[in-house]
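Trainee: Turn this into a model:
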Amino acid sequence: MGRNDRDDSECHCLWRTANTRRFRVHLEYHETIVDRKVMELLMVLEEKYPHLGRSLVDTYFPGGELWPNEIEYWRKADEAKLAKRAAKLAARAQRALQGPQAAQSEQSEQSQQSEQS
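Mentor: As a prediction, this is how the structure comes out:
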């Protein structure tokens with residue numbers, strides 16, 4: 001197959017692969033997620049990979065014109081993200097108050113959990 005015999009999609013994929021290699025961006029395929037509507041797909045993506053779907057909303061809906069149920073969904077996703085961050089910071093502050101011995105015991109627990117995985 002000659003260079004000019006390729007269809008556009010094949011050329012685009014080849015270019016993207018070459019381009020990511022050139023910039024030393026190594027991407028690893030995990031799965032394909034398909035849905036009939038972009039917003040529904042972003043919501044499914046958010047459920048599977050937190051923060052990823054949310055990060056793409058402005059890309060696909062740059063004017064921010066969302067339906068009320070979509071606004072509510074993303075508001076809840078943002079609140080969940082903030083609650084998780086607050087819990088993580090509270091746990092970190094609690095460990096800091098307990099002193100260095102607590103930090104060492106937590107590190108040993110984390111290493112045991114990673115060994116079991």
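Trainee: Could you report the neighbour count for residue 46?
Mentor: For residue 46, the count of nearby residues is 21 (other CB atoms under 10 Å). Just so you know, the C-beta spots here come from the backbone N, C-alpha and C atoms, and that holds for glycine as well.
Trainee: Assign a three-state SS to it, would you?
Mentor: State at residue 46, reduced to three classes by DSSP: H, G, I helix; E, B strand; the rest coil: helix.
Trainee: so how far is residue 67 from it?
Mentor: 16 Å (CB to CB, to the nearest Å).
Trainee: Then residue 57?
Mentor: 12 Å.
Trainee: pull the CA atoms of stretch 52-63 into PDB?
Mentor: C-alpha atoms of stretch 52-63 as PDB (Å, rounded to 0.1, in the frame of the first residue of the first chain):
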ATOM      1  CA  LEU A  52     -11.700  12.900  33.600                       C
ATOM      2  CA  GLY A  53     -15.200  13.400  32.300                       C
ATOM      3  CA  ARG A  54     -15.500  16.700  34.100                       C
ATOM      4  CA  SER A  55     -12.300  17.900  32.600                       C
ATOM      5  CA  LEU A  56     -13.700  17.400  29.100                       C
ATOM      6  CA  VAL A  57     -17.100  19.100  29.600                       C
ATOM      7  CA  ASP A  58     -15.700  22.600  28.600                       C
ATOM      8  CA  THR A  59     -14.000  21.100  25.600                       C
ATOM      9  CA  TYR A  60     -17.200  19.600  24.100                       C
ATOM     10  CA  PHE A  61     -19.600  22.300  25.500                       C
ATOM     11  CA  PRO A  62     -17.500  25.500  25.400                       C
ATOM     12  CA  GLY A  63     -20.400  27.800  25.900                       C
END
